[in-house]
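Participant: here is the input, now give the coordinates:
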Amino acid sequence: MAMFDILIAAAGGSKRMTGIKQLLPFGDSTFIERTIQKAMALEPRNIAVILGAYSDKIAPVIQHYPVGLVENPQWEKGLGGSIATGVHYIEAQYGYTEGLMVLLCDQPLLVQDSNFLEDFVAEWENTPDQIMATRYESKLGVPALFPAKFMVHLKNLKGDKGARELLNSGHFPVKSIDSRGIGIDIDTDEAYKRFLKA
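Facilitator: Numbering: from 1, shown residues only. Here you go, the predicted model:
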């Protein structure tokens, strides 16, 4: 079994919502806590959470979980920089890893699904030298799992495109698993209300 780490991106400012997205109620928990719990169930080597906006409010909620917490002071520049910050942290704290999974904390349907991430990891372990991504119709996105040789590319990410540009560049071998219609981001109050009703 390949050993991999997980990076949970939770630095965003929830600009299109009235509340703090990471702390939105999700059952008897919150978005960020449920994402951490799901990540733990995958039995990775280590888990790191990237914080930025509202870190002073989010950190106390999750500090009792066995995760590393790292803050991106330039979180407003976008997801790419947060991922790069997280990769630097993981390499410094934990050393070499065979792979790195990037998760977002605002995809609760993926977290809620009992099989998607398990199937995702199992598929990657069949060919751990290739990137594993999630397919959204014609585009690739996260969750994504990167072999160690791609860490240098993740460390160079900037701006708000995150890993999407890398995944969709056509320059790298990428396998994918379909999102099954459950990879929807919760970015607005209306989307959150629809999620709760569903």
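Participant: what about the protein, any weak spots by pLDDT?
Facilitator: Flagging of the chain using pLDDT under 70 yields the residue ranges 1-2, 114, 183, 198.
Participant: give me the most central residue, it.
Facilitator: The residue at the geometric middle of the chain, judged as the C-alpha nearest the mean C-alpha position with C-alpha atoms, centre = their mean, is residue 103 (1.3 Å).
Participant: so which elements touch the strand or helix carrying that residue?
Facilitator: With secondary structure defined by DSSP states H and E, residue 103 is part of strand 99-104. Applying 3 or more C-beta pairs under 8 Å, 6 or more residues apart in numbering; DSSP states H and E, one finds that strand 99-104 makes contact with strand 4-10, helix 31-41, helix 79-94, strand 139-147, helix 151-155. C-beta here means a position set from N, CA and C on the backbone, and glycine is covered the same way.
Participant: ends of stretch 24-34, what's the gap?
Facilitator: Its start and end residues considered, stretch 24-34 measures 11 Å (C-alpha to C-alpha, to the nearest Å).
Participant: contacts for that stretch?
Facilitator: Defining contact as C-beta atoms under 8 Å, 6 or more residues apart in numbering, one finds that stretch 24-34 is touched by 8, 10, 17, 21-23, 37, 49, 58, 61-62, 65, 105-106, 108, 111-112, 186, 192.
Participant: quick one: it to chain centroid distance?
Facilitator: 16 Å (C-alpha atoms, centre = their mean, to the nearest Å).
Participant: for that stretch, list every residue counted as buried.
Facilitator: For stretch 24-34, the neighbour count (16 or more other C-beta atoms under 10 Å) marks 24, 26, 30, 31, 32, 33, 34 as buried.
Participant: export the residues you listed as TSV, with columns for distance to residue 131.
Facilitator: As requested, those are arranged in TSV below (distance: C-beta to C-beta, whole Å):
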residue	distance to residue 131
24	30
26	29
30	30
31	26
32	25
33	28
34	25
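Participant: from those, which is closest to residue 89?
Facilitator: Set against residue 89, the nearest of these by C-beta to C-beta is residue 32 (17.2 Å).
Participant: any idea how far the closest one lies from residue 55?
Facilitator: If you measure residue 32 against residue 55 using C-beta to C-beta, to the nearest Å, the figure is 11 Å.
Participant: so which of the helices and strands packed on strand 99-104 is the most packed in?
Facilitator: Each of the helices and strands packed on strand 99-104 was scored by mean neighbour count; the highest is strand 4-10, a mean of 26, by mean count of other C-beta atoms under 10 Å.
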